[in-house]
Structures are given as structure tokens and as C-alpha cells.
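Asks: I'd like to go over a predicted model; first the sequence, then the structure.
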Amino acid sequence: MKRSGFTDLPLHGGRVPAWLHRRMAKLGRAIVEVMVADFGADEVLRRLSDPFWFQSFGAVLGMDWHSSGITTSVMGALKTSLNPISHDLGIFVCGGRGRHSRQTPNELVQIADREGLRGAELVRSSRLSAKIDNTALQDGFQLYLHSFVVTKSGEWTVIQQGMSDASATARRYHWHSLNIKSFIEEPHSSIYGENMGQILNLVHKDAARSRQGILDIAREEPIRMTQEIKHLNMPAHHDVQVKDIDLKRLGAVLYLAHESGISGFEDLLLTRGLGPRTLQSLALVSEVIYGTPTRFSDPARFSFAHGGKDGHPFPVPLKVYDETIKVLNDCLSKAKVDISEKKHSFRKLHTIAKSLESDLNPDSGKFQELIEWERANSPKYGGRTVFDDKTIRQNKGTDSGESVRRNNQLELF
């Protein structure tokens, strides 16, 4: 079995406020719909099984860029928004946190009956992936979340998360069914993480006799996995720091969004009311959808699309967030009728930004100025955090036609 990676995250309490959850569900659905239309449902599973992409996806949805809550909130938002259209989309989200995780087998059987899938095999895969990460490999993390995502083709991915009281961290595990060989011998080609002493590892190659006594699978001839596992270890600090960001990549996005002379996406620019700040968010969303795996090594960068619910790197700009959702939904609706030029322009955003990187020499000393600028201008974009009792008073004006603001931002990179 290919376990595609895992992520260590600092524990973070609190709940996702309703105003953010609604938007996460809408934007998450729009992003997935675009991906399915362009790449197919199975590609969505591959992305979800990549811990770096998953973290970037959660950050662009406005969740705290590094905390444990990103897993629960992202999977909850996807289950809420995708399941009502799951038959047409071809993607089904099962399980969740706590009691919802225990409903996974029943949900899988129901989906299998409707879609003609092998329900018993899906249930077995769900239970085995959980048992391996929670029992066969005892690394100090107790599972409390298990999400199982399956497509009409029968391909699946598991995203599950455990908690360690000793280290005050959570660990997210990713599984992908693409190259299934064996669950029970060396499913991980390697494991990275802080050394916490000896652990019980019943999937080690030397534990064959123990496995025979525990699991009745003596007739299987396990095959060793060959693909290297990915590990994302998020820092304990809550604020976004310059060391967390690839400044050339972020600088290219800012330059693209605020330099009016750049061409290549005219149809998108003609969207009424679309200004540089929304274009900045759309460029990062475009990369989440179309970027290659190497582009997600710095997930914190994607928090510069819609901030974070706790105000890091800045409050969630609700006006910009809603405009991003509107643009994506508009691209989708037009694409169902014909080949949308607007969607084509949106797709090109990330490639144009990438092409600008080589010519930029970002000034790391001004990184904090960028964050302070975003916070200072947060009220005019409807900036909001979980600490606000109500939306921050919105200043008059729109997201376009502010040349002074655009020039100030360009000075940072």
C-alpha cells in the first residue's frame, strides 16, 4: 500500500466560525469542480494524498496555515459541499471526526450499492489503513479523524489524523490506493519525524511472525513499497515568518496582481469590479489547481490569498473571498456552455506568475511591511477573524482603481 505522506502539526483549539465554513465549502467545491473538469476525479484524490498540496489547499481556503484544525475543517467543508453533487462529480467523501469516522463503513456500503463498487473491499481498506496508523504502527499518535474519499472508478484516498499529548502535536496520515500492493509489510518506504524512543512497528519486515499471530494473512506474499514517503513538519509559531515563504514565488504573484501592464488574461481583467487584491487571490487559487507538485513546498505562501481565521498573516478579507468564489463559479457556468475565455485566462494566471520569478529580487527585510499593509487595509476588504464579534467595519470603495495602494504594494517586491 502506498501511504503517500504525513504531516506533523501543532495542536490548535477552537472552532471554525460559520461565516468562514460557508465560504470554505463554496470555494472548496468550486476548486474541486474545476479540477474534475480539467483533470478528472482521480486527479483530485492524488492531490488530496499529497501532504504539501493539502496544506496549501487549506491555507488558500482561509484556515490557519500550520495548525491541526486545518484537517478537520477542510474535510468537513468538502463533505458538506461535494456530497450533494457527488453522483455527477464522481467523488464521495465519507467519515470525519469522532463519531462521524465510525459511520465510514456504512457510508461506503451505501455508495457502493448505488455506484456498482466493491463495498466490502472499500470497507476493508478503510479499516486496515486506520488499524495500521493507530495500532500496527504505535508512534504515540491516537487517531481521532478518519476521512475516506472514493471516486466512481473505485480509486480512493484516506486522510486521517492522530493526536499526541506528549508532544502537543497532531499527525496527519495520507493514503492513496493507486499502487496497492500490500498493507502489512513495509507500506512506508521510510518514516521521518522526531525521535521519541522505541515504537511498536508491526508492519516492519522483521515482524512477520508477530503479524501471523495477529492477522490471518499467512498466505499473502507482501511486496515492498518503493516510493518515498513525503513528510511535512509544520513549525510551532503561529505567525507567518519570512523563513516560511519562497519570496520569489510570492513576489511574482504580487507583481502580477498589481502591475497593470502585464497581458495574457484580459478576459479575466474585464470582470466587473475585479481589482488587484482579488487578482492576487485568484493567482494563488490558480496555482492550487494547476501547479505542479514542486510548487507546494511552502504552504504558508497560500495564506496570502485569504489570510487566516486567527488573523495570521492577516484577517480573512471577506469581500475578496466572495469575489474569488464568484469568479470561479462564473468560469464554471460559462465552461458548461462553451470554452470559456475567462476560464482560460484564469488557468494562465499561475503560469504567468511563474514566468516572472526569475527576474525578481525580493527584499526579505520588507516582508513584515507586506503583512502590516494587508492588516492596515483589512477593513476595506471586510477583514474578519474568529476574535471579532461582528464583521470589521468596511470602508467605502471597491477593489479596483487604487493606484496609490498598488504602488505601495509593488515597492515591497
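Replies: Great, that's in hand.

Asks: What segments of the stretch 1-150 of the chain are strands?
Replies: Assigned by DSSP state E, counting those that start in this stretch, the stretch 1-150 of the chain shows strands spanning 2-10, 91-97, 137-138, 142-151.

Asks: For Val242, find the nearest of those.
Replies: strand 2-10 (19.1 Å; CB to CB). Placement of C-beta: from N, CA and C, glycine included.

Asks: ok so, going back, which stretch among the strands of the stretch 1-150 of the chain comes nearest Phe54?
Replies: Comparing the strands of the stretch 1-150 of the chain by CB to CB, strand 2-10 comes nearest, at 7.6 Å.

Asks: what helices or strands is that closest one leaning on?
Replies: Secondary-structure packing of strand 2-10 (3 or more CB pairs under 8 Å, 6 or more residues apart in numbering; DSSP states H and E): helix 51-60, strand 169-176, strand 230-233.

Asks: again, only this time at 6 Å
Replies: strand 169-176, strand 230-233 (3 or more CB pairs under 6 Å, 6 or more residues apart in numbering; DSSP states H and E).

Asks: what pairs with Cys94 across the strands?
Replies: Beta-bridge partners recorded for Cys94 (DSSP bridges): Phe148.

Asks: Pro105 is in contact with that one, correct?
Replies: No: contact status for Cys94 versus Pro105: not in contact, 8.7 Å apart, counting by CB atoms under 6 Å.

Asks: neighbour count winner among the two?
Replies: When neighbours are counted by other CB atoms under 10 Å, Cys94 and Pro105 differ, and Cys94 comes out ahead with 25 against 18.

Asks: picking up where we left off before, what about the strands of the stretch 1-150 of the chain, which gets the closest to Ala257?
Replies: strand 2-10 (28.8 Å).

Asks: so how far is the closest one off the chain centroid?
Replies: Chain-centre distance of strand 2-10: 13 Å, with CA atoms, centre = their mean, to the nearest Å.

Asks: likewise stretch 372-385?
Replies: 23 Å.

Asks: just to revisit the earlier point, confidence-wise, which of the strands of the stretch 1-150 of the chain is weakest overall?
Replies: Lowest mean pLDDT within the strands of the stretch 1-150 of the chain: strand 137-138, at a mean of 63.

Asks: My read is that Ser164 contacts Phe141, right?
Replies: Yes: between Ser164 and Phe141 a contact is recorded at 4.9 Å, counting by CB under 6 Å.

Asks: These two: which is more packed in?
Replies: Using other CB under 10 Å, the more surrounded residue of Ser164 and Phe141 is Phe141, with 26 against 16.

Asks: Show me the strands in the stretch 251-400 of the chain, by range?
Replies: 316-317, 383-384.

Asks: out of the ones you listed, which comes closest to Ala300?
Replies: With CB to CB as the yardstick, what comes closest out of these is strand 316-317 (15.5 Å).

Asks: Quick check: mean pLDDT of that closest one?
Replies: 96.

Asks: That strand pairs with which strands?
Replies: Per DSSP bridges, strand 316-317 is paired in its sheet with strand 383-384 (antiparallel).

Asks: Between the strands of the stretch 1-150 of the chain, which one is closest to Ala59.
Replies: strand 2-10 (12.3 Å).

Asks: could you check the angle strand 169-176 makes with that closest one?
Replies: 160 degrees (axes from the mean of the first three to the mean of the last three CA atoms, to 10 degrees).

Asks: what's the angle from strand 2-10 to helix 51-60?
Replies: Angle, strand 2-10 to helix 51-60, by the same axes, to 10 degrees: 50 degrees.

Asks: and Gly365, how many neighbours?
Replies: By other CB under 10 Å, neighbour count at Gly365 equals 9.

Asks: Quick check: Pro299 touching Ser56?
Replies: Yes: under the criterion of CB under 6 Å, Pro299 makes contact with Ser56 at 4.4 Å.

Asks: So which of these two has more stuff around it?
Replies: Comparing Pro299 with Ser56 by other CB under 10 Å, the one with more neighbours is Ser56, at 28 against 25.

Asks: what's the more buried one in contact with, if anything?
Replies: When contacts are counted by CB atoms under 6 Å, 6 or more residues apart in numbering, Ser56 touches 288, 296, 299, 302.

Asks: The same query, at a cut-off of 10 Å, please.
Replies: Ser56 sits next to 47, 50, 65, 232, 284, 287-288, 291, 295-303, 305 when contact means CB atoms under 10 Å, 6 or more residues apart in numbering.

Asks: And Gly307, by the same measure?
Replies: Counting by CB under 10 Å, 6+ apart, Gly307 has contacts 59, 62-65, 240, 281, 313-318, 320-321, 371, 374-375, 378, 381, 383-385.

Asks: Now for His174: which residues touch it?
Replies: His174 neighbours (CB under 10 Å, 6+ apart): 2-7, 48-51, 53-54, 129, 157-160, 229-230, 232.

Asks: Thanks a lot, see you next time.
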